[in-house]
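what follows is a protein structure lacking sequence information:
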């Protein structure tokens with residue numbers, strides 16, 4: 001299945017222009033070292049928020065050297081201020097050889113990416129589900145433990161809670177995508193669509209997760225006095241999600 005083109009994506013015009021200029025300079029600076037350049041993350045998925053989202057790039061190169069990393073550093077010095085994250089640089093052999101170590105991260109890239117130049121490394125291989133379910137469960141539990149710990153570190157202050165909830169829901173979303181994949185559901189689509197599939201896939205109500213997603217996207221805010229209550233709702237919901245995933249694993253579905 002062909003990947004979408006950059007100009008077919010729902011992105012602000014200035015973001016497209018920035019990516020075009022970045023890609024032109026990348027090709028000019030790296031010449032034959034490049035094998036493939038992919039856009040992934042929210043910009044490729046359709047969840048990009050101007051002024052909030054970053055631009056994520058995967059660069060496949062023929063070889064890696066300190067010189068190449070230095071050139072990447074000079075490029076990032078210029079383009080980092082335009083929300084372009086320092087590129088993830090890999091050799092294709094590394095990518096293929098590590099799919100059992102990072103199945104969740106690679107699933108996100110495979111599901112939602114735009115080929116900007118060269119070859120698409122995800123076009124001819126599949127990520128094995130046997131590694132994916134385990135990583136999703138592990139990441140969800142780690143998220144829950146970090147959530148509790150960082151709440152203590154922030155002393156329950158409203159400002160700390162807001163930042164913490166945004167970080168947490170951001171980390172939960174890829175896990176939900178991975179779980180859907182293992183459970184035979186489609187893992188593609190925007191974040192809202194993904195959460196709305198939870199009742200069918202996991203028999204889990206996503207109302208609180210959707211509430212946090214809307215807060216992340218700047219669509220709503222509970223106000224400074226209500227953040228502790230929002231945190232309590234979210235914490236209880238995340239605990240319930242972790243328990244539900246454990247139950248599904250014990251049933252042999254993960």
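That came through, no problem. As the structure is a computational prediction, the values presented were derived from the model and not from experiment.

use CA for all of it now, contacts and neighbours both
OK.

so residue 37 sits right up against residue 122, yeah?
No: Residue 37 is beyond contact range of residue 122, at 11.7 Å (criterion: CA atoms under 8 Å).

and the two? Which one has more around it.
residue 37 (25 against 18; other CA atoms under 10 Å).

so where do the helices sit in the protein?
Along the chain, counting by DSSP state H, helices occupy 13-30, 42-45, 66-79, 92-97, 103-111, 129-153, 158-182, 191-196, 198-202, 207-216, 227-250.

next one: the shortest one to chain centre, how far?
Relative to the chain's own centre, helix 42-45 is displaced by 9 Å; criterion: CA atoms, centre = their mean, to the nearest Å.

then the fifth one?
On the basis of CA atoms, centre = their mean, helix 103-111 is displaced by 8 Å from the centre of the chain it belongs to.

buried residues, it. List them.
With burial defined by 16 or more other CA atoms under 10 Å, the residues of helix 103-111 counted as buried are 103-104, 106-111.

quick check, nearest of these to residue 9?
Nearest to residue 9, judged by CA to CA, of the buried residues of helix 103-111 is residue 111 at 14.6 Å.

pretty sure that closest one contacts residue 187?
Yes: counting by CA under 8 Å, residue 111 touches residue 187, with 7.3 Å between them.

ok, so of the buried residues of helix 103-111, who is nearest residue 152?
Among the buried residues of helix 103-111, residue 104 lies closest to residue 152 (CA to CA), at 28.6 Å.

which ones are touching that closest one?
Contacts for residue 104 (CA atoms under 8 Å, 6 or more residues apart in numbering) come out as 132, 135-136, 174-175, 178.

could you redo the last one with a cut-off of 7 Å?
By CA atoms under 7 Å, 6 or more residues apart in numbering, the residues touching residue 104 are 132, 135, 174, 178.

equivalent analysis for residue 9, please.
If you count contacts by CA under 7 Å, 6+ apart, then residue 9 has residue 46 around it.

before we move on, back to that, the contacts of residue 104, buried ones only, as a PyMOL selection?
Only the buried members of these enter the following PyMOL selection, criterion being 16+ other CA under 10 Å:
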select buried, resi 132+135+174+178
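
re the thing from before, now flag whichever of the buried residues of helix 103-111 is closest to residue 23.
Of all these, residue 109 has the smallest distance to residue 23: 18.5 Å, by CA to CA.

now the closest one, nearest residue through space, not along the chain?
Once flanking residues are discounted, residue 109 sits nearest to residue 40: 5.7 Å by CA to CA, 6 or more residues apart in numbering.

hey, what's that neighbour bridged with?
Judged by DSSP bridges, the bridge partners of residue 40 are residue 56, residue 113.

how many other residues sit next to it?
Using other CA under 10 Å, residue 40 has 20 other residues around it.

for the one 5 residues further on, same thing?
As a burial measure, residue 45 scores 21 neighbours (other CA under 10 Å).

in space, what's closest to it - neighbours in sequence excluded?
Nearest residue to residue 45, sequence neighbours excluded (CA to CA, 6+ apart): residue 112, at 5.3 Å.

how about low-confidence regions in this protein?
1-7, 219-220, 223-225 (pLDDT under 70).

ok so, going back, test my guess that the residue nearest to residue 109 contacts residue 110.
No: with contacts counted by CA atoms under 7 Å, residue 40 stays clear of residue 110, the gap being 8.6 Å.

coming back round to it: nearest to residue 56, of the buried residues of helix 103-111?
In terms of CA to CA, no member of the buried residues of helix 103-111 lies closer to residue 56 than residue 109, at 10.1 Å.
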